[in-house]
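Undergrad: below are the sequence and a predicted model for it; my questions follow.
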Amino acid sequence: MQCFKFIFVSILLLSTAIFGQAPTDFLSKEFHKARRAALREKMPPNSMAIVFSNSVRNRANDVDYVFHQDPNFYYLTGYREPNAVLVLFSEFQIGDAETTYNEILYVQKRDARAEQWNGKRLGIAGVKATLGFAMARNAEEFVATNIDFKKFDRIFIEKFEDDYRNSSKNSAEVYDLVRAFKQNSGYDIKNFLSPMKKQIYELVKSTSIENTANVAQIIGRAVAYDPSLRADDDLMQFKEATDDKLKKELQQKIILKLEAKTNIDISFLSKNMATLREVKTAEEMVLLTKAVRISAVGQIEVMKAMKPHLSETELQGIHEFVYKKYGAEYEGYPSIVGAGNNGCILHYIENNKTKVGNELVLMDLGAEYRGYTADVTRTIPANGKFTTEQKEIYNLVYDAQEAGIALYTIGESMAAPNKAARKVINAGLYALGIIETLDEKHPYFPHGTSHHIGLDVHDPGNYGNFEENMVVTMEPGIYIPNGSPCDEKWWSIGIRIEDDILVTKTTPINLSGEAPRTVQAIEAMMAKESVLDAFILPDLD
């Protein structure tokens, strides 16, 4: 008995060691270090960049949302905890004891009680050992920072959304870190002008008082386009002013704001991080490809499991079960599973129809694997067979997608696939009598076809021309909701086909091509047996 017990305990410990390990295939510390170096190369002399982590956000009462790191912060650091800030310097700085450094990562400190409840923190030692930072400090030190922000010619930050939580549980939450930066750097939101506001300010400055009636009209039109301009009291008063003396005073105030000097820049980081992130490295491609393939397998398994009696929620669950089975931590965005007319709602996430019946089911889902997110959509008939009308529209969308994918070549404009898809779809809708002219403005294809994917499902990019190792979606769609001004036989047909395309030196590669795309391949896959066919739970009624 003792021998058996010893063997049992040994097996238990061994299985824990093998199967209880945390994932080890995250991006390497060398990757993050290289990305910091790449950003630093773009920074001018005597400048610094400051990037804040995401904060914890409350879901309800004492329950928080699952924490998800800010993608730019993760890209540069690999740190997956909240309440942290990265400071990058263009040149080495001299610190205590003549220590030199060109970056500091401020992180939340180790706390035994907090770790008992919420898990182990890396702390300073962990950051140095695991992430390879030579200089790391507790976040409290940033709150009490002695960095002289005024001595730098340029300070690069991202625009603050001011949606940070101040829970008062921690003196160094992101809320406190941002507040400390604003206080110590002289940050003033009034120093930052949107392109439209700057243009209007320039117009106010250059227009003589006796000719400001036209300017007032322009301001009125601008406000209709950008309602945030209403918050500018000086601009609104200038628009309504009739007294020349008052106009002159307001004009001078606006000129002072236009010419206000600050060393803080809120555009550099967004632009340059987009440039870095839109082209994927080999290390990124391993993770992104796995996320895409997991998502494609999810589509395959749902095709086999699909039955008219299933609910949208059940179908969502099958997709997400496949993701978890492969070790994907999250969904990259709220899952979209829309049957019939629900498929005509572009971002339908309720997924609460209790039976999909004999309708088409549009499924737009993507696994997030080690931070990288796929975006794959298939539309399939719940009963396994497309009707004549469904097949007509499906093949039209498929042809549009094929026309677009062919243009995913180096040097081609990223706008080209969208134009090609629209040309195919308009010609097809016209031939089917759904629209009356080839160039008719219609609501049946209301979105673009192409966006980057990566750490975000809509990864940042500059959207110029295709470059090698970009991964971009191709997602044409046709949506004909009930009540549309066409023959009723087309109503409730909503079809989107979306794949993730890798731009290469030769031909584009469809990373999600495992999931059947043609009518014939989908129907053949749906005729196969599913391992879930025998999965029956007890009735709870």
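TA: Happy to help now that I have it. Numbering: from 1, shown residues only.
Undergrad: what about the strands in the stretch 101-250 of the chain?
TA: Secondary structure of the stretch 101-250 of the chain, counting by DSSP state E, counting those that start in this stretch: strands at 136-138, 154-156.
Undergrad: pick out the residue closest to the middle of the chain.
TA: Asp456 (3.0 Å; CA atoms, centre = their mean).
Undergrad: if we can go back for a sec, okay if I get the strands of the stretch 101-250 of the chain as a markdown table plus distance to Tyr101, mean neighbour count and mean pLDDT?
TA: No exception for glycine: its C-beta is placed from N, CA and C like everyone else's. Converted to a markdown table, those look like this (distance: least, CB to CB, whole Å; neighbours: other CB atoms under 10 Å; pLDDT from 0 to 100):
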| stretch | distance to Tyr101 | mean neighbour count | mean pLDDT |
| --- | --- | --- | --- |
| strand 136-138 | 10 | 18 | 96 |
| strand 154-156 | 17 | 22 | 97 |
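Undergrad: quick one: those as a markdown table, columns for distance to Ser311 too.
TA: Output for these, formatted as a markdown table (distance: least, CB to CB, whole Å):
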| stretch | distance to Ser311 |
| --- | --- |
| strand 136-138 | 49 |
| strand 154-156 | 48 |
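Undergrad: ok, which of those strands comes nearest Lys182?
TA: strand 154-156 (11.6 Å; CB to CB).
Undergrad: how about stretch 86-99: buried residues?
TA: Across stretch 86-99, burial judged by 16 or more other CB atoms under 10 Å covers Leu86, Val87, Leu88, Phe89, Ser90, Gln93.
Undergrad: per-residue confidence averaged over it?
TA: Stretch 86-99 comes out with an average pLDDT of 89.
Undergrad: ok, stretch 435-444 next?
TA: Mean predicted confidence for stretch 435-444 is 94.
Undergrad: who's in contact with it?
TA: Ile425, Asn426, Ala427, Leu429, Tyr430, Ile434, Ile478, Tyr479, Ile480, Ser484, Cys486 (CB atoms under 8 Å, 6 or more residues apart in numbering).
Undergrad: first to last residue in that stretch, what's the distance?
TA: 9 Å (CA to CA, to the nearest Å).
Undergrad: in strands only, show me the buried residues of stretch 86-99.
TA: Leu86, Val87, Leu88, Phe89, Ser90, Gln93 (DSSP state E).
Undergrad: quick one, phi/psi of Asp539?
TA: Backbone torsions of Asp539, given as degrees, to the nearest 10, read phi -70, psi 130.
Undergrad: ok, it - how many residues close by?
TA: Asp539 has 5 neighbouring residues, counting by other CB atoms under 10 Å.
Undergrad: and it, how far from Ser194?
TA: According to CB to CB, to the nearest Å, Asp539 stands 58 Å off from Ser194.
Undergrad: for the stretch 251-400 of the chain, just list every one of the strands.
TA: With strands called from DSSP E, counting those that start in this stretch, the stretch 251-400 of the chain shows them at 264-265, 330-331, 336-339, 360-365, 367-369, 372-373, 376-381.
Undergrad: where does the prediction get shaky in this protein?
TA: 1-20, 168 (pLDDT under 70).
Undergrad: dump the residue contacts of the residue lying closest to Ser185 once chain neighbours are set aside.
TA: The spatially closest residue to Ser185, leaving aside those adjacent along the chain, is Phe149, at 4.0 Å (CB to CB, 6 or more residues apart in numbering). Shown in contact with Phe149 (CB under 8 Å, 6+ apart): Met48, Ile155, Phe181, Asn184, Ser185, Gly186, Asn263.
Undergrad: let's see that with 10 Å instead.
TA: Listed by CB atoms under 10 Å, 6 or more residues apart in numbering, the contact partners of Phe149 are Met48, Ile50, Ile155, Phe181, Asn184, Ser185, Gly186, Tyr187, Asn263, Ile264.
Undergrad: next step: those residues restricted to helices.
TA: Phe181, Asn184, Ser185 (DSSP state H).
Undergrad: so Asp233 sits right up against Ala241, yeah?
TA: No - when contacts are counted by CB atoms under 10 Å, Asp233 is not listed as touching Ala241 (11.9 Å).
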